[in-house]
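# Sequence plus predicted model, see below.
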Amino acid sequence: MIKFQSKFSHIYVEKQIENLPLSKLIISKFNHSNIIKIDHYKDIFNRVRQDFQVQKQAMNLILARKTEPLLYPASDMVQDYKNPNSFYNTPILNCLYNCEYCFLQGMYPSGNLVVFTNELDFYNSIDQKLSMLEDPNKPMIVSISYNTDLLAMENLFPMVSRWIEFARTRKNLIIEIRTKSSFFHSIKDMKPSKSIILSWTLSPEEICKEYEIGAPPLLKRLNAVSNALDKGWRVRLCFDPILLINNWETIYNQFIDDVFSQIKTDKLRDVTIGVFRMNKDYFNRIRKRESKSDLYYKNYVIEEGTVTLEKSERQEALNKIERKIGHYLPEDKILMWS
């Protein structure tokens, strides 16, 4: 388990938000941190010549106000992006984990964490969008953990529980919470809500050990998934990204069998699958920083600004994975990025 207290030797706090309730709550958890008041988070987060990976080893914390836009159309990197009512937001920038395939290391100049504590503004942005949906016959879907892992930090920043309570009171709204965390216990006593999807990213243990640095092993994630399903939560499994490592087909076939031997499939909402893909600018930025990961030196193609596998190769891999999952789930419960 990550020892969170040691992560934040310094906490930078924007003066304009230091008295917000969430700011005060977070600061109260770190009595031994140096508190430094600042005018704007970008003065720290956007400094030049920062080393993302060095900062990830000893992250500092920045508390700030998020300004417009507070809501973004869903990225075309996700399976739901064609739904006109799909969005994401960014309550936190960066993640406690350090997965080698993660786009965040190419997106942000800093490895430090930014927590936006003006939570009411986030809620208001959703209320405003709910009143003017492009297709009012479809629910609005908002991924709130797209650029981070909120559940992994719930004991520090109690955002997930607040988002769950917010979603309960809104019609036609679904909140998706993506995670690799095993910390389901942080919300286990809450009443399940049909407005919430808990989405767990699962990978073969070989992938967990080699590429998902700091994240819990597969077994702990599976235990969290099982507990959530037993409690009555709506759960999505994400086999994404599928990495074509040596002997990948055998590894993933065994992985899928192991997963569905422990999960009650009749209770699952769905499963998403996708191969490695990344915005080409983020990809190039990571390589320029001399990434040592073998993932950045494979034979990829660039399609519409996205670095990914050649079409026939990725389609063959996805079809094989889809067929394997099809032994356990109906076709309409398998969502594919292609």
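That came through, no problem.

# Roughly how far does residue 309 sit from residue 43?
Distance, residue 309 to residue 43, using CB to CB, to the nearest Å: 40 Å. C-beta coordinates here come from the backbone N, C-alpha and C atoms, glycine included.

# Endpoint to endpoint, stretch 299-317 covers what distance?
End-to-end span of stretch 299-317 (CA to CA, to the nearest Å): 15 Å.

# May I see the buried residues of that stretch?
Counting neighbours by 16 or more other CB atoms under 10 Å, one finds that the buried residues in stretch 299-317 are 300, 307-309, 314, 317.

# mind listing the helices for this structure?
Taking DSSP state H as the criterion, the chain contains helices spanning 21-28, 42-45, 52-57, 104-107, 119-130, 159-168, 205-211, 218-231, 248-262, 280-288, 311-325.

# Now do the third one: everything it contacts.
Helix 52-57 has contacts (CB atoms under 8 Å, 6 or more residues apart in numbering) with 98, 105, 108-112, 289.

# Likewise for the fourth one?
The list of residues contacting helix 104-107 from outside it, by CB under 8 Å, 6+ apart, reads 52-53, 94-95, 98, 111, 147, 278-279, 281-286, 289, 291.

# Ok, the fifth one next?
Outside helix 119-130, the residues within contact range by CB under 8 Å, 6+ apart are 22, 65-66, 69-71, 87, 89, 91, 116, 140, 142, 159, 162, 166, 170, 172-173.

# One more pass at 6 Å, please.
22, 70-71, 89, 140, 166 (CB atoms under 6 Å, 6 or more residues apart in numbering).

# still on that earlier bit, which among the contacts of helix 104-107 end up buried?
When burial is judged by neighbour count using 16+ other CB under 10 Å, the buried members of those are 52, 94-95, 98, 111, 147, 278-279, 282-283, 285-286, 291.

# Mean pLDDT and distance to residue 76 added to the helices of the chain, as a markdown table?
Supplementary listing: those in a markdown table, determined by pLDDT from 0 to 100; distance: least, CB to CB, whole Å:
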| stretch | mean pLDDT | distance to residue 76 |
| --- | --- | --- |
| helix 21-28 | 96 | 31 |
| helix 42-45 | 97 | 26 |
| helix 52-57 | 92 | 24 |
| helix 104-107 | 95 | 15 |
| helix 119-130 | 97 | 19 |
| helix 159-168 | 97 | 24 |
| helix 205-211 | 98 | 23 |
| helix 218-231 | 98 | 26 |
| helix 248-262 | 98 | 24 |
| helix 280-288 | 95 | 13 |
| helix 311-325 | 97 | 15 |
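
# Nearest to residue 295 among these would be which one?
In terms of CB to CB, the element of the helices of the chain nearest to residue 295 is helix 205-211, at 7.1 Å.

# got the CA positions of the closest one in PDB?
Output for helix 205-211, consisting of C-alpha atoms alone and laid out as PDB, is shown next (Å, rounded to 0.1, in the frame of the first residue of the first chain):
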ATOM      1  CA  GLU A 205      -0.500 -10.100 -13.800                       C
ATOM      2  CA  GLU A 206       2.500 -10.000 -16.200                       C
ATOM      3  CA  ILE A 207       1.300  -6.600 -17.300                       C
ATOM      4  CA  CYS A 208       0.500  -5.400 -13.800                       C
ATOM      5  CA  LYS A 209       4.100  -6.100 -12.700                       C
ATOM      6  CA  GLU A 210       5.900  -4.800 -15.700                       C
ATOM      7  CA  TYR A 211       3.900  -1.800 -16.800                       C
END
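
# so how far is residue 14 from residue 248?
Going from residue 248 to residue 14 by CB to CB gives 45 Å.

# Next: residue 76.
Applying CB to CB to residue 76 and residue 14 gives a distance of 32 Å.

# Neighbour count for those two, which is higher?
When residue 76 and residue 14 are compared on other CB atoms under 10 Å, the one with more neighbours turns out to be residue 14, at 22 against 13.

# Show the contacting residues for the more buried one.
Counting by CB under 6 Å, 6+ apart, the residues that residue 14 touches are 38, 41, 64-65.

# pLDDT score for the closest residue to it other than its chain neighbours?
Taking CB to CB, 6 or more residues apart in numbering, and ignoring the residues beside it in sequence, residue 14 has residue 64 as its nearest neighbour in space, at 4.7 Å. Here the pLDDT value assigned to residue 64 is 98.

# bridging residues for residue 64?
Under the criterion DSSP bridges, residue 64 forms beta bridges with residue 116.

# Can you report how many residues lie near it?
Using other CB under 10 Å, residue 64 is surrounded by 23 other residues.

# what about the nearest residue to residue 117 once chain neighbours are set aside, distance to residue 142?
In space, residue 117 comes closest to residue 22 once its chain neighbours are excluded; the distance is 4.0 Å by CB to CB, 6+ apart. Separation of residue 22 from residue 142 (CB to CB) stands at 19 Å.

# same question, residue 271
For residue 271, the distance to residue 142 equals 20 Å [CB to CB].

# next one: residue 32
Relative to residue 142, residue 32 is positioned 35 Å away (criterion: CB to CB).

# higher neighbour count, those two?
When neighbours are counted by other CB under 10 Å, residue 142 comes out ahead of the other of residue 32 and residue 142, with 26 against 8.

# my guess is the more buried one meets residue 90, correct?
No - between residue 142 and residue 90 no contact is recorded; they are 11.2 Å apart, counting by CB atoms under 6 Å.
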